[in-house]
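Chemist: Structure here, sequence nowhere to be found:
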């Protein structure tokens, strides 16, 4: 609950299907506040990293075009049930979040 | 969302009466000789009392017994009475955990609502959306909008899954509701939802609603010093504006005995057959149908004069009207109808 990332990782055959939902504003930096008229400062995830048992299996470089509360899904070969999957992100303000789950 | 069970007997009785009216009146209307005994409605029994409280005797052997208005049995009521209240009233025994709910949710719900309740495509989003209710695009989810957890239970139990509603067991509903609460960060991942703890769950938007403070408006019918219905007369209607053609119907009243006069399209038909050649475009000085200015002075002479001119022919300043427009096979009636048709469209 403390993390804003939700993960599901399910092994089917020799592939792990990973689904994640990250809670983030993903401000583009071009939007204006409707009341004050001032530009809302950019605030978006720049790097997403997936690690299995400490080994990085995927890195994604994101920008302001990615939607609010982004949903990400990908498949990984060669993992086993019981392995630990960690998803983490770093945004342009240097903030970070991470979550771990066990592959089932 | 919450259906009152008190309304049920009325609804059942009303449906029964409608059924009688819809099904048996047409049959009885053509069968005035042998109306069955017992309660019937039809033109020959005008004063039968039909009220929502009416119940026929429970005697299937009696003639005229249709079996309507039977009192609902406790089992029948239990089938309808499935609502769950915010205080937990109506919940059955059972329980379900977030852990049990996850696979159930993924199997039964996630195809449309998304694996995290984010909503696939345009299907409803179930989780998230906190603080968006005042924004331009509010996201109304269970967590951001619904005031009571009981509604989640009631709705999932009543209407979900979309293609097979009410196919889940009570424990499965508890587990799915627990998982939905978990997806909305309302409970932890080790939570177990039961009949007893559901009402105690504090939903984030619980205090976001208020009772409409505007008073009820009472409109009491007077029903005193009412006007005598016989004294009420229609004093004006749209025909007084001259926009509604009435000449056909006046003709019906005056000459209603002849079959041809009863044809409301007679004037139109004769006009198209015999008169339009000249009167449609103003050939040979003929007054054009629909042109008020051309007809005004002619109408001032009166309808009888116009009909007389049309039947017998007339040499006017503008041109010559041959007798019956040259179609001497027409009867005087047919010519008169055509004149009425032509002048109706020109009169104010």
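Modeler: Good, I have the coordinates. Values in this document were obtained by computation on a predicted structure and should not be read as measured data. Residues are numbered from 1 along each chain as shown, chains lettered A, B, ... in the order given.
Chemist: Could I get the contacting residues of whichever residue of the stretch 101-250 of chain B sits closest to chain A?
Modeler: Using C-beta to the nearest C-beta, the closest approach of the stretch 101-250 of chain B to chain A is made by residue B:116 at 4.0 Å. Heads up, the C-betas are built off the backbone N, CA and C, glycines and all. Residues near residue B:116 by C-beta atoms under 8 Å, 6 or more residues apart in numbering or on different chains: A:6, A:19, A:21, A:71, B:127, B:183.
Chemist: give me that answer again for 10 Å
Modeler: A:6-8, A:19-23, A:69, A:71, B:105, B:110, B:125-128, B:183 (C-beta atoms under 10 Å, 6 or more residues apart in numbering or on different chains).
Chemist: gap between it and residue B:102?
Modeler: 11 Å (C-beta to C-beta, to the nearest Å).
Chemist: Residues in contact with both of these two, list them for me.
Modeler: Common contacts of residue B:116 and residue B:102 (C-beta under 10 Å, 6+ apart): A:8, B:110, B:183.
Chemist: so is the closest residue to the first one other than its chain neighbours in a helix, a strand, or just coil?
Modeler: Right, the one you point to is residue A:8. Closest residue to residue A:8 apart from its sequence neighbours, by C-beta to C-beta, 6 or more residues apart in numbering or on different chains: residue A:19 at 4.6 Å. When classified by DSSP: H, G, I helix; E, B strand; the rest coil, residue A:19 comes out as strand.
Chemist: for residue A:19, what are its contacts?
Modeler: Residue A:19 neighbours (C-beta under 10 Å, 6+ apart): A:6-10, A:71-74, B:106, B:110, B:114-116.
Chemist: Nearest to chain B: which residue in chain A?
Modeler: Nearest residue of chain A to chain B: residue A:21, at 4.0 Å (C-beta to the nearest C-beta).
Chemist: That residue - nearest residue in space that isn't next to it in sequence?
Modeler: Of all residues not flanking residue A:21 in the chain, residue B:116 sits nearest, at 4.0 Å (C-beta to C-beta, 6+ apart).
Chemist: And for residue B:266?
Modeler: Residue B:266's closest residue in space is residue B:337 (C-beta to C-beta, 6+ apart), at 4.4 Å.
Chemist: tell me what the strand or helix carrying that neighbour is packed against?
Modeler: In the assignment (DSSP states H and E), residue B:337 maps to helix B:332-344. Under the contact definition 3 or more C-beta pairs under 10 Å, 6 or more residues apart in numbering or on different chains; DSSP states H and E, helix B:332-344 sits against helix B:247-254, helix B:266-270, helix B:276-279, helix B:292-299, helix B:303-312.
Chemist: Repeat the analysis, applying 8 Å as the threshold.
Modeler: Under the contact criterion of 3 or more C-beta pairs under 8 Å, 6 or more residues apart in numbering or on different chains; DSSP states H and E, helix B:332-344 touches helix B:247-254, helix B:266-270, helix B:303-312.
Chemist: in that helix, what counts as buried?
Modeler: Using 16 or more other C-beta atoms under 10 Å in any protein chain shown as the test for burial, helix B:332-344 gives B:333, B:334, B:335, B:336, B:337, B:338, B:339, B:340, B:341, B:342, B:343, B:344.
Chemist: What count of nearby residues applies to the residue nearest to residue B:286 when sequence neighbours are not counted?
Modeler: Nearest residue to residue B:286, sequence neighbours excluded (C-beta to C-beta, 6+ apart): residue B:278, at 4.0 Å. Counted with other C-beta atoms under 10 Å in any protein chain shown, residues neighbouring residue B:278 total 19.
Chemist: related to what we said a few turns ago, could you redo the shared contacts of residue B:116 and residue B:102 as a markdown table and give each row neighbour count?
Modeler: Below are the shared contacts of residue B:116 and residue B:102 laid out as a markdown table (neighbours: other C-beta atoms under 10 Å in any protein chain shown):
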| residue | neighbour count |
| --- | --- |
| A:8 | 19 |
| B:110 | 18 |
| B:183 | 27 |
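Chemist: Out of these, the closest to residue B:97 would be?
Modeler: residue B:183 (13.9 Å; C-beta to C-beta).
Chemist: Looks like that closest one contacts residue B:117 (just checking).
Modeler: Yes - contact status for residue B:183 versus residue B:117: in contact at 4.3 Å, counting by C-beta atoms under 8 Å.
Chemist: Where does pLDDT dip in chain A?
Modeler: Residue ranges of chain A with pLDDT under 70: A:1-2.
Chemist: Ok, the stretch 201-348 of chain B next?
Modeler: B:248-262, B:347-348.
Chemist: quick one: contacts for residue A:87?
Modeler: Residue A:87 is in contact with A:5, A:7, A:18, A:20, A:22, A:48, A:49, A:50, A:98, A:99, A:100, counting by C-beta under 8 Å, 6+ apart.
Chemist: Assign it to helix, strand or coil.
Modeler: Under three-state DSSP, residue A:87 falls in the strand class.
Chemist: Dig out what it forms beta bridges with.
Modeler: residue A:50, residue A:99 (DSSP bridges).
Chemist: And residue A:91, by the same measure?
Modeler: Per DSSP bridges, the residues bridged to residue A:91 are residue A:45.
Chemist: what number of residues lie near it?
Modeler: Neighbours around residue A:91, by other C-beta under 10 Å: 19.
Chemist: hang on, the earlier thing: okay, and which of the shared contacts of residue B:116 and residue B:102 map to helices?
Modeler: Judged by DSSP state H, helices contain the following of these: B:110, B:183.
Chemist: tell me which of the shared contacts of residue B:116 and residue B:102 is nearest to residue B:217?
Modeler: Using C-beta to C-beta, the shared contacts of residue B:116 and residue B:102 come closest to residue B:217 at residue B:183, 43.0 Å.
Chemist: re earlier: any chance of the shared contacts of residue B:116 and residue B:102 in CSV, plus distance to residue B:233?
Modeler: Conversion of those to CSV gives the following (distance: C-beta to C-beta, whole Å):
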residue, distance to residue B:233
A:8, 78
B:110, 70
B:183, 70
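Chemist: just the buried members of the contacts of residue A:19?
Modeler: The neighbour count (16+ other C-beta under 10 Å) marks A:6, A:7, A:8, A:9, A:72, B:110, B:114, B:115, B:116 as buried among the contacts of residue A:19.
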